[in-house]
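[1] Quick one: sequence and predicted model below, then my questions.
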Amino acid sequence: MTLKIGMVGTGYFSKLHCGILTTFKEVQLTAVCGTSKEKATIFASEYNNVSGYDNLTEMLDAEQLDAVYICVPPMAHGEIELELVKRNIPFFVEKPLGADLLTPSTILKELERKTLITSVGYHFRYKESVQMLKATLQEQQLGMVLGQWSGGMPMVSWWRNQDGSGGQFIEQTTHMVDLLRYVCGEIDEVFAYYGNQIMHKKVDAVTVSDVGTVNMKLSSGAVANISNTCILPSGVGRTGLTFYTDQGIIDFAPDKLTIQTPNGKVEHLDKSNPYIIENEAFIHALLTGDSSRILSSYQDAYKTQIATVGALYSTENGTPTKLLF
């Protein structure tokens, strides 16, 4: 069986996923839809027998697709997913689910009426180090987690626009929030402070906060804080989570897991590519109907969206936000 796959979006992540999908013998990349016919055609020309479109409905009408990948900016979600759900077409969507909660909640309501395979691109879940982290934490008593996503501001117009990206915590730091949920359990409450310190003075049309810190209460009783900033110069940054337990300190960074106890320090470097593994899981589900290898469905990713948008609500209201799933 050969799966016919469509791609919505012509940016970095579209290229990343297409590069992986075209190595799978069970997959045929068939069509790509962009914001213009020119963009889609140029993108499609890099692959064999791929058609370019600038209209989703036209692409879906013309091609008999088994699944669609959605790699678009946060504000562009909504109509794409709803059209796919209406046509019973499974989809893989890159995070975040939207710039707000209204759009994802509308999509979720439609999904709940059907049985449809979905996957969301929280690729950290598929790392060997994260599976090791998750197993280690199950054997220890967690007290506190401190995390961060710090770096520079991506120089694309939609990212620095609050309505376009939802802000750094929703668009970028969502990876750390999702990882926290995955290895530590659900978040009950968030209390956030955001600020505009530097970037609105350096770059035109900046409406997102450039510093922020979010305190969280977990269902387990543990507490957490994840902070972020986009004020740093290019090439400087730090991302990860630090877990404090009754047996020591565990540091997760995108390239390394470090476990420190009184007996010494153990480091684990990932050798596998989590993007390949998440794609393999989605394709396996399409071929077999077994979605057990998908570690982030739309329904699960929606809980991460509730937490990140809840932090935004907290800054706007000046009070903690209780998360209701």
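    Here it is on my side, so go on.
[2] Scan this structure for its longest helix.
    For the chain, the longest helix by residue count, based on DSSP state H, is helix 298-317.
[3] Could you list the paired strands of whichever helix or strand comes after that one along with their orientation?
    Sequence-wise, the next helix or strand downstream of helix 298-317 (DSSP states H and E) is strand 321-322. According to DSSP bridges, strand 321-322 has the following sheet partners: strand 187-195 (antiparallel).
[4] gap between the helix or strand that comes right after the strand it pairs with and the chain center?
    Per DSSP H and E, the first helix or strand lying C-terminal to strand 187-195 is helix 199-202. In terms of C-alpha atoms, centre = their mean, to the nearest Å, the centre of helix 199-202 is found 27 Å from the chain centre.
[5] Can you tell me which helices and strands the next helix or strand after helix 199-202 packs against?
    As assigned by DSSP H and E, the chain's next helix or strand after helix 199-202 is strand 211-218. On a contact count with 3 or more C-beta pairs under 8 Å, 6 or more residues apart in numbering; DSSP states H and E, strand 211-218 meets helix 168-171, helix 174-184, strand 187-195, strand 223-229, helix 298-317. From N, CA and C alone the C-beta is placed, and that goes for glycine too.
[6] buried stuff in the longest helix of the chain?
    298, 300-302, 304-315 (16 or more other C-beta atoms under 10 Å).
[7] What is the neighbour count of residue 43?
    Other residues near residue 43 come to 21 when the count uses other C-beta atoms under 10 Å.
[8] Please, which helix or strand holds it?
    Going by DSSP H and E, residue 43 is in helix 37-44.
[9] Identify the residues contacting that helix?
    Counting contacts by C-beta atoms under 8 Å, 6 or more residues apart in numbering, the residues outside helix 37-44 that touch it are 10, 14, 15, 31, 32, 33, 34, 50, 51, 52, 53, 54.
[10] What count of nearby residues applies to residue 26?
    Residue 26 has 12 neighbours, counted by other C-beta under 10 Å.
[11] which residues sit in contact with it?
    Per C-beta under 8 Å, 6+ apart, neighbours of residue 26: 1, 2, 3, 283, 287.
[12] wait, isn't the fourth one in contact with residue 3?
    Going back to what we said before, that points to residue 283. Yes - taking contacts as C-beta atoms under 8 Å, residue 283 lies within contact range of residue 3: 6.7 Å.
[13] So those two - more neighbours on which side?
    The neighbour comparison of residue 283 against residue 3 (other C-beta under 10 Å) goes to residue 283, with 22 against 18.
[14] Confirm that the more buried one sits in a strand.
    No - counting by DSSP: H, G, I helix; E, B strand; the rest coil, residue 283 is not part of a strand but helix.
[15] Now do the contacts for it.
    Contacts for residue 283 (C-beta under 8 Å, 6+ apart) come out as 3, 21, 24, 26, 27.
[16] Now do the helix holding residue 43, average pLDDT.
    On average, the pLDDT along helix 37-44 is 96.
[17] With stretch 140-148 instead?
    Average pLDDT, stretch 140-148: 98.
[18] how distant is it from the center of its chain?
    Worked out by C-alpha atoms, centre = their mean, stretch 140-148 lies 21 Å from the chain centre.
[19] Name the nearest residue to residue 261, sequence neighbours excluded.
    Distances taken as C-beta to C-beta, 6 or more residues apart in numbering place residue 248 nearest to residue 261, at 3.8 Å, with adjacent residues excluded.
[20] Work out which residue lies at the spatial centre of the chain.
    Central residue of the chain (C-alpha atoms, centre = their mean): residue 95, 3.0 Å from the mean position.
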